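J.: A structural model of the following input is requested.
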Amino acid sequence: MKTSRTFPFPFPAKSAGLALLLVLGTASGTSAQAANDSARVNVPGTPVDNTGVGSTGATDRHDTVHSNESRINTVGKVSDPGAMKLSRGDRRFVEKAARSGLAELRTARLAVERSADPRVKSYAQQLVADHEKANAELNELAGRKGVSLPQDENDHLFKSLSEKTGADFDQRFVGHMSDDHEDDIELFEKAARKSDDADVAAFASKQLPTLQEHRRVAEDLEKSLKR
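T.: Take a look at the predicted model:
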């Protein structure tokens, strides 16, 4: 009768070897996962991705890093790209034209209320209509070009005229309108010729005939009121 041989393992040797390989493989995978997690933690400003390792996780981590870099690189910079569309000269023209348009509109509205001469009152009404239209077009243009326009001004002319009445008011009003529109014409002619932006040049050219007519009527009224 043969004696049974006893093994130190409760299963055959081949099974024991397979189990050992599985244990080693699991340990290796755990080490790789730990290293991958460590790399994610060490990315400055990037949160740890706990969703697992794979193509989706890698893409999410890349997008997060790129988003963080974008936020860092834009700190302190102008966020509105339209603000860079105009040259310095064109920007100055738009801002100056807006100030002038607002001042003349405000003064013309005062003349509609204060003027004692029907001809001056009619002229003031025409100024209001024309400058309201021009100012609206300028606001639209400035919006497309990323330029912020002044909405109100400390207008010394308006304050000075608001203290006048009757014939004195009329004479001062038309005299100022003659001088102001002379300045406007010079400003708009320069923009029409030398603007770096086609839209700005077109706006200036379009307004010139109206401004020239405003000046002509103001000069005629000024002469008439002095007689």
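J.: can you get me a residue count around Ala108?
T.: When neighbours are counted by other Cβ atoms under 10 Å, Ala108 registers 23. Just so you know, the C-beta spots here come from the backbone N, C-alpha and C atoms, and that holds for glycine as well.
J.: which helix or strand contains it?
T.: Here Ala108, judged by DSSP states H and E, is contained in helix 88-114.
J.: quick check: angle from whatever helix or strand comes next after that helix to helix 88-114?
T.: Later in the chain than helix 88-114, the nearest helix or strand by DSSP H and E is helix 118-145. Computed by axes from the mean of the first three to the mean of the last three Cα atoms, to 10 degrees, the angle separating helix 118-145 from helix 88-114 equals 150 degrees.
J.: now for helix 118-145, which elements pack on it?
T.: helix 88-114, helix 166-194, helix 198-225 (3 or more Cβ pairs under 8 Å, 6 or more residues apart in numbering; DSSP states H and E).
J.: tabulate those helices (CSV), appending mean pLDDT and distance to Ala142.
T.: Listed next are those as CSV, based on pLDDT from 0 to 100; distance: least, Cβ to Cβ, whole Å:
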stretch, mean pLDDT, distance to Ala142
helix 88-114, 94, 5
helix 166-194, 95, 13
helix 198-225, 97, 10
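J.: out of those, nearest to Gln151?
T.: helix 88-114 (7.9 Å; Cβ to Cβ).
J.: returning to what we had before: turn the helices and strands packed on helix 118-145 into JSON lines, including distance to Lys159.
T.: Formatted as JSON lines, the helices and strands packed on helix 118-145 follow (distance: least, Cβ to Cβ, whole Å):
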{"stretch": "helix 88-114", "distance to Lys159": "10"}
{"stretch": "helix 166-194", "distance to Lys159": "12"}
{"stretch": "helix 198-225", "distance to Lys159": "20"}
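J.: for Phe158, find the nearest of these.
T.: helix 88-114 (5.5 Å).
J.: can you mark which positions in the closest one are buried?
T.: For helix 88-114, burial by neighbour count (16 or more other Cβ atoms under 10 Å) applies to 90-91, 93-95, 97-98, 100-111, 114.
J.: what sits against Phe188?
T.: Neighbouring residues of Phe188 by Cβ atoms under 8 Å, 6 or more residues apart in numbering: Ala97, Ala204, Ser205, Gln207, Leu208, Leu211.
J.: if any of these are buried, put those into a PyMOL selection.
T.: To isolate the buried ones among those in PyMOL, judged by 16+ other Cβ under 10 Å, type:
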select buried, resi 97+204+207+208+211
